[in-house]
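Engineer: Let's see this in three dimensions:
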Amino acid sequence: MAVEGSVLVVEDERDLAELVCLKLSAEGYRCSAVRSGLEALHAVERRAPDLIILDRMLPGLSGDEFIGRLRHNPRTCRIPVIMLTAKAEEVDQLVGFSLGADDYLTKPFSMKLLAARVAALLRRARAAGDSPDVIAAGPITVDAGRHLVTVNGKPVALTATEFRLLQALAGARGRVLDRSQLIDKALGTDVAVIDRTIDVHVTSLRKKLNHADEGEAAARWIQTVRGVGYSLREPVNE
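Structural biologist: You can find the predicted model right below:
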């Protein structure tokens with residue numbers, strides 16, 4: 001049974017958009033489609049969906065530009081996004097993740113696989129919001145119940161994946177998590193991605209923590225353990 005929710009499909013290929021909406025509607029989702037980035041911005045402003053399926057190659061405002069605006073708006077920054085593209089190279093996938101995508105599918109793709117990815121992302125987003133735990137690590141506070149991260153009391157706008165990544169690190173209480181563990185916790189066991197995807201998300205997360213804390217002390221709490229993975233713990237003064 002699919003997780004109920006609303007999905008916005010941003011795709012300029014009319015036949016593909018209709019096919020995606022037909023499949024997702026049959027799975028129990030409320031699905032709507034627009035054909036350009038500007039239309040998508042207007043649609044999100046009117047009513048934010050639970051998830052967005054986004055083509056990178058759009059007329060006018062590209063998918064890359066659209067997700068950039070989405071991620072810089074505190075009201076929409078945590079909406080899960082699945083990117084669609086005809087570009088299958090690893091570097092293209094890494095660019096997609098660095099822009100803030102939570103998942104990535106290359107065309108052509110299976111409608112069954114797409115529906116599974118949608119269900120998985122929505123399950124994880126809601127599971128993250130169900131936990132009442134508040135974890136503090138130095139200047140960083142992760143409030144799972146409110147789905148909020150603050151640095152010295154200042155809110156930080158994170159994507160859904162970045163939030164789950166930081167939540168996993170905070171929950172480890174200083175223990176080191178390797179990349180495969182972080183992939184499972186932040187992206188899910190049913191998503192096939194490369195290890196470098198986590199590095200891209202960590203880089204983005206550190207930049208946002210730096211932006212919230214001019215002294216850069218917050219970002220230094222995310223420690224790189226070479227050859228292993230990452231941990232969230234007090235930095236050692238050099």
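
Engineer: Ranking helices and strands of this protein by mean pLDDT, which lands last?
Structural biologist: Between all helices and strands in the chain, the lowest mean by mean pLDDT, DSSP states H and E belongs to helix 90-99, at a mean of 77.

Engineer: what about that one, distance to the chain center?
Structural biologist: Distance of helix 90-99 from its chain centroid, counting by C-alpha atoms, centre = their mean, to the nearest Å, is 12 Å.

Engineer: Identify the residues contacting the helix or strand following that helix?
Structural biologist: Downstream of helix 90-99, the next assigned helix or strand under DSSP states H and E is strand 103-106. In this structure, residues lying in contact with strand 103-106 by C-beta atoms under 8 Å, 6 or more residues apart in numbering are 80-88, 93, 96-97, 113-114, 117, 121, 187, 191, 193. For glycine as for every other residue, the C-beta is placed from the backbone atoms N, C-alpha and C.

Engineer: In strands, which of those appear?
Structural biologist: 81-85 (DSSP state E).

Engineer: Make a PyMOL selection of whichever of those turn out to be buried.
Structural biologist: Selecting only the buried entries of the ones in strands among the contacts of strand 103-106 in PyMOL, with 16 or more other C-beta atoms under 10 Å as the criterion:
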select buried, resi 81+82+83+84+85
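
Engineer: And the ones in strands among the contacts of strand 103-106, which is closest to Leu16?
Structural biologist: Comparing the ones in strands among the contacts of strand 103-106 against Leu16 with C-beta to C-beta places Leu84 closest, at 8.4 Å.

Engineer: Provide the backbone phi and psi angles at the nearest residue to the closest one once chain neighbours are set aside.
Structural biologist: Nearest non-adjacent residue to Leu84, counting by C-beta to C-beta, 6 or more residues apart in numbering: Asp55, 4.8 Å away. The phi and psi values for Asp55, taken as degrees, to the nearest 10, are phi -80, psi 140.

Engineer: Was I right to think Asp55 contacts Ser62?
Structural biologist: No: counting by C-beta atoms under 8 Å, Asp55 stays clear of Ser62, with 9.1 Å between them.

Engineer: Identify each of the helices in the protein and give its residue range.
Structural biologist: 14-26, 37-46, 63-71, 90-99, 111-130, 160-171, 179-186, 196-212 (DSSP state H).

Engineer: Which residues does the second one contact?
Structural biologist: Spelled out, that is helix 37-46. By C-beta under 8 Å, 6+ apart, helix 37-46 touches 8, 10, 32, 34, 49, 52, 54, 58, 60-63, 65-66, 69-70, 76, 79.

Engineer: which one of the helices of the chain is the most hemmed in?
Structural biologist: Ranked by mean neighbour count under mean count of other C-beta atoms under 10 Å, the helices of the chain are led by helix 160-171, which reaches a mean of 24.

Engineer: and the angle for it with helix 111-130?
Structural biologist: With axes from the mean of the first three to the mean of the last three C-alpha atoms, to 10 degrees defining the directions, helix 160-171 sits at 50 degrees from helix 111-130.
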